[in-house]
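build me a model from this:
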Amino acid sequence: MLASKLVSESNDNLIGFIASTVETIREEVTTIRGEMVTKATFEATTTAIRGDIEQVQLRLDSIEHGVSSRFEHVEGELSRLRSAVYLLGKDRPEVLRLLGQAST
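The predicted structure follows:
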């Protein structure tokens, strides 16, 4: 009976150890799964941020192009206006001096 009791206790201890180990592994798998979900969320967030940055960059390029075009247009208009003032004021030295000062 003593041997039977020792075998029974040994089996109970072994079953307890196995159950404890299985429970520990289950908890670790749950933790790992949670970490993977968090990592996937961070990766998705990073991808979304990169997309937003690219959209902002495209928008800034578009704005820069628009501003550059407007500056070129204004420069052309100023050049034409300066030419017109020169033609209208060619007999007036004070106007010609003002045009000369504007270009320096």
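
tell me which helix or strand comes right after the helix or strand containing N13.
In the assignment (DSSP states H and E), N13 maps to helix 2-88. Later in the chain than helix 2-88, the nearest helix or strand by DSSP H and E is helix 93-102.

that following helix relative to helix 2-88, how many degrees between them?
Here helix 93-102 runs at an angle of 160 degrees relative to helix 2-88 (axes from the mean of the first three to the mean of the last three C-alpha atoms, to 10 degrees).

which residues does helix 93-102 contact?
Contact with helix 93-102 is made by R82, V85, Y86, L88, G89, K90, as judged by C-beta atoms under 8 Å, 6 or more residues apart in numbering. The way it works is simple: take the backbone N, C-alpha and C, and place the C-beta from them, glycine included.

need the pLDDT of the fifth one.
G89 is assigned a pLDDT of 83 by the prediction.

before we move on, the earlier item: just put the contacts of helix 93-102 in a markdown table and tack on neighbour count and distance to D12.
Listed next are those as a markdown table, based on neighbours: other C-beta atoms under 10 Å; distance: C-beta to C-beta, whole Å:
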| residue | neighbour count | distance to D12 |
| --- | --- | --- |
| R82 | 13 | 103 |
| V85 | 15 | 108 |
| Y86 | 12 | 110 |
| L88 | 10 | 113 |
| G89 | 15 | 113 |
| K90 | 11 | 116 |
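
return the member of those residues nearest to E75.
Of all these, R82 has the smallest distance to E75: 10.4 Å, by C-beta to C-beta.
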